[in-house]
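Enquirer: this one's structure only:
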C-alpha cells in the first residue's frame with residue numbers, strides 16, 4: 001500500500017518569494033537571451049566576415065544552436081525531477097560561458113559548429129524551459145500570466161542591454177577579444193543569480209504505485225502526458241509554432257545584417273534595440289490583456305502584427321524606417337514567445353507541464369533552426385547577396401500559414417486535459 005504525503009502549503013512569506021523568483025529569472029533570461037537569442041544576428045554578421053564564408057554557412061551554426069538546445073531541453077525537463085534546478089542552472093551557465101567564449105578563437109567553420117552546439121546544450125539549462133516551469137509551479141492562479149510576462153521580459157531586455165554592447169565591442173576590439181568577455185559575463189552573472197532559486201515542495205512518495213499509468217515521480221502521470229502530446233490541439237499548436245519561430249527568429253537573426261547593409265552598423269544596433277524595447281513594452285501590455293480576452297484572439301492578433309512587421313522591414317527604404325519597422329515587429333515578438341507556455345499551462349495539468357512544454361519547445365526549435373538558415377540561403381540565392389526583400393516575404397508567408405493553423409486549432413474547446421489548480 002502506498003502512502004503519499006500531501007504537499008505542504010507554502011507559507012505567506014514563501015508565496016511572496018515567488019516574486020523574487022520572477023525577478024531572478026528575468027535577469028537570467030536577460031543574460032541568456034542577450035548573449036544567445038538576440039546576439040545571433042551580430043554573431044552571423046561578424047563570423048561571416050571573420051571566416052570569409054557565405055552567410056548561409058554561418059547561419060547553419062545558429063540553427064545547430066537552436067536544434068541542439070531544443071533536444072537538450074527534453075533532458076532538462078527530465079533532470080528537473082532528479083536534481084535541484086539550481087544545480088542545472090550552474091552547470092548550464094558554465095558550459096554556455098566556456099563555449100561562447102571559445103568562439104573567439106575558432107579559425108574553421110567546423111569549430112564554430114561544434115561550439116555553437118555546445119552553447120545550445122548549456123543554454124538549455126538557463127533558458128525558457130527552466131523559467132516557465134518555475135513560474136508555473138510558483139504561480140498556480142490568475143497571477144501566472146503577469147508573472148510569465150515579467151519573467152519573459154528578460155528575453156527582450158537582453159537585446160536592449162547586451163546586443164548593442166556586443167556590437168560595440170566587436171567593432172572596436174574585434175571578435176577574438178569580444179567573445180571571451182561575453183563568456184565571462186554569462187558565467188559571472190548567472191551563477192550568483194542561481195543561488196537565489198528555490199523550488200516549490202513536491203509530494204513525497206513512500207512506495208511506487210503502479211495504477212492507472214502513474215509513476216512515483218513527483219506525481220507525474222505518463223498516461224496523462226501521452227494523451228496531452230497526442231491531442232489535436234497540441235499537435236496543431238506545435239506545428240503552428242514551428243512556422244511562427246521560423247519567421248520570427250529568421251527575421252531577428254538577419255535584422256542586424258539587413259539594416260547594416262541599408263544604413264550602417266549604428267542604425268543596425270538601433271534596430272535591434274527598438275525591437276527589444278517594443279518587445280518589452282508589448283509584453284507588459286500583453287500580460288495585462290491576455291487575462292482579459294480569450295488567449296485565442298490574443299495569439300491571432302499578435303500573428304497579424306508579426307506578419308505586418310516583417311513586411312515593413314522588407315520594404316523599409318531608409319535606416320530610420322527600418323528602425324521603426326523593427327519596433328513594430330517587436331510588439332509581437334515577446335507576446336508570441338509568452339503565448340505558447342501560457343496557453344499550454346492553461347490547457348494541461350501542472351503535474352505534466354514541464355515535459356509537455358519541453359516537448360512543444362523541442363518541436364518549435366525546428367522553426368528556430370530552419371528560419372535563420374533559410375533566410376541566409378534565400379539571401380545568397382535569390383537576393384544576389386544584396387536584397388533581403390524575398391527572404392523576408394517568405395517569413396511573412398510562414399506567419400500567415402501559422403495564423404490559419406492557430407485559427408483551426410483553437411476553433412473548439414480544448415480543456416480535456418486541464419486539471420483544477
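Expert: Good, I have the coordinates. Keep in mind that this is a model prediction, so the values were computed, not measured.

Enquirer: And the contacts of stretch 285-297?
Expert: 142, 145-146, 148-150, 298, 302, 334-335, 338-339, 342-343, 346, 406, 410 (C-beta atoms under 8 Å, 6 or more residues apart in numbering). No exception for glycine: its C-beta is placed from N, CA and C like everyone else's.

Enquirer: which of those count as buried?
Expert: Neighbour-count burial (16 or more other C-beta atoms under 10 Å) applied to the contacts of stretch 285-297 gives 145-146, 148-150, 298, 302, 334-335, 338-339, 342-343, 406, 410.

Enquirer: Which residue is the nearest non-sequential neighbour of the most centrally placed residue in the chain?
Expert: Taking C-alpha atoms, centre = their mean, the centroid of the chain lies closest to residue 128, which sits 5.6 Å from it. Distance criterion C-beta to C-beta, 6 or more residues apart in numbering; nearest residue to residue 128, sequence neighbours excluded, is residue 361 at 6.5 Å.

Enquirer: For the one you found, which residues are in contact?
Expert: Taking C-beta under 8 Å, 6+ apart, one finds 70, 73, 128, 129, 340 in contact with residue 361.

Enquirer: quick check, it in a helix?
Expert: Yes. Counting by DSSP: H, G, I helix; E, B strand; the rest coil, residue 361 is found in a helix.

Enquirer: From residue 368, how far off is it?
Expert: Distance, residue 361 to residue 368, by C-beta to C-beta, to the nearest Å: 10 Å.

Enquirer: Show me the helices in the stretch 1-150 of the chain, by range?
Expert: 12-35, 40-51, 55-79, 85-102, 109-123, 128-138, 144-172 (DSSP state H, counting those that start in this stretch).

Enquirer: Go through the longest one and flag the buried ones.
Expert: Same thing as helix 144-172. 144-167, 169-170.

Enquirer: do the third one as well
Expert: Residues of helix 55-79 classed as buried: 55-70, 72-77, 79 (neighbour count, 16+ other C-beta under 10 Å).

Enquirer: Just name whatever secondary elements the host helix or strand of residue 404 is in contact with.
Expert: Taking DSSP states H and E as the criterion, residue 404 maps to helix 389-409. In this structure, helix 389-409 packs against helix 232-253, helix 295-315, helix 353-382, with contacts taken as 3 or more C-beta pairs under 8 Å, 6 or more residues apart in numbering; DSSP states H and E.

Enquirer: Please compute how far it lies from its chain's middle.
Expert: 19 Å (C-alpha atoms, centre = their mean, to the nearest Å).

Enquirer: and it with helix 232-253, angle?
Expert: If you take axes from the mean of the first three to the mean of the last three C-alpha atoms, to 10 degrees, helix 389-409 sits at 160 degrees to helix 232-253.

Enquirer: any residues touching helix 389-409, and which ones?
Expert: 232-233, 236-237, 239-241, 243-244, 246-248, 250-251, 254, 258, 296, 299-300, 303-304, 306-307, 310-311, 313-315, 371, 374-376, 378-379, 382-383.

Enquirer: Repeat that for stretch 165-183.
Expert: Residues outside stretch 165-183 that contact it (C-beta under 8 Å, 6+ apart): 34-35, 39, 42, 46-47, 50, 96-105, 162, 256, 265, 268-269, 272.

Enquirer: and with 7 Å instead?
Expert: The contact list for stretch 165-183 (C-beta atoms under 7 Å, 6 or more residues apart in numbering) reads 35, 39, 42, 46, 50, 97-98, 100-101, 103-105, 265, 269.

Enquirer: export those residues to JSON lines and tack on distance to residue 388 and pLDDT?
Expert: Below are the contacts of stretch 165-183 laid out as JSON lines (distance: C-beta to C-beta, whole Å; pLDDT from 0 to 100):
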{"residue": "35", "distance to residue 388": "25", "pLDDT": "89"}
{"residue": "39", "distance to residue 388": "19", "pLDDT": "84"}
{"residue": "42", "distance to residue 388": "16", "pLDDT": "82"}
{"residue": "46", "distance to residue 388": "18", "pLDDT": "84"}
{"residue": "50", "distance to residue 388": "21", "pLDDT": "85"}
{"residue": "97", "distance to residue 388": "32", "pLDDT": "94"}
{"residue": "98", "distance to residue 388": "34", "pLDDT": "95"}
{"residue": "100", "distance to residue 388": "26", "pLDDT": "92"}
{"residue": "101", "distance to residue 388": "30", "pLDDT": "92"}
{"residue": "103", "distance to residue 388": "25", "pLDDT": "91"}
{"residue": "104", "distance to residue 388": "27", "pLDDT": "87"}
{"residue": "105", "distance to residue 388": "31", "pLDDT": "90"}
{"residue": "265", "distance to residue 388": "16", "pLDDT": "77"}
{"residue": "269", "distance to residue 388": "17", "pLDDT": "80"}
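
Enquirer: Next, give me the two most distant ones among those.
Expert: For the contacts of stretch 165-183, the maximum inter-member distance is 28.0 Å, found between 98 and 265 (C-beta to C-beta).

Enquirer: circling back to that earlier point, quick one: pLDDT of the residue nearest to the centre of the chain?
Expert: In the prediction, the pLDDT value recorded for residue 128 is 79.

Enquirer: ok, now residue 204?
Expert: We have a pLDDT of 40 for residue 204.

Enquirer: ok, residue 310 to residue 363 distance?
Expert: Applying C-beta to C-beta, the value for residue 310 to residue 363 is 22 Å.

Enquirer: Between those two, which has more neighbouring residues?
Expert: residue 310 (28 against 19; other C-beta atoms under 10 Å).

Enquirer: Does that one touch residue 329 like I think?
Expert: Yes. With contact defined as C-beta atoms under 7 Å, residue 310 and residue 329 form a contacting pair (6.2 Å).
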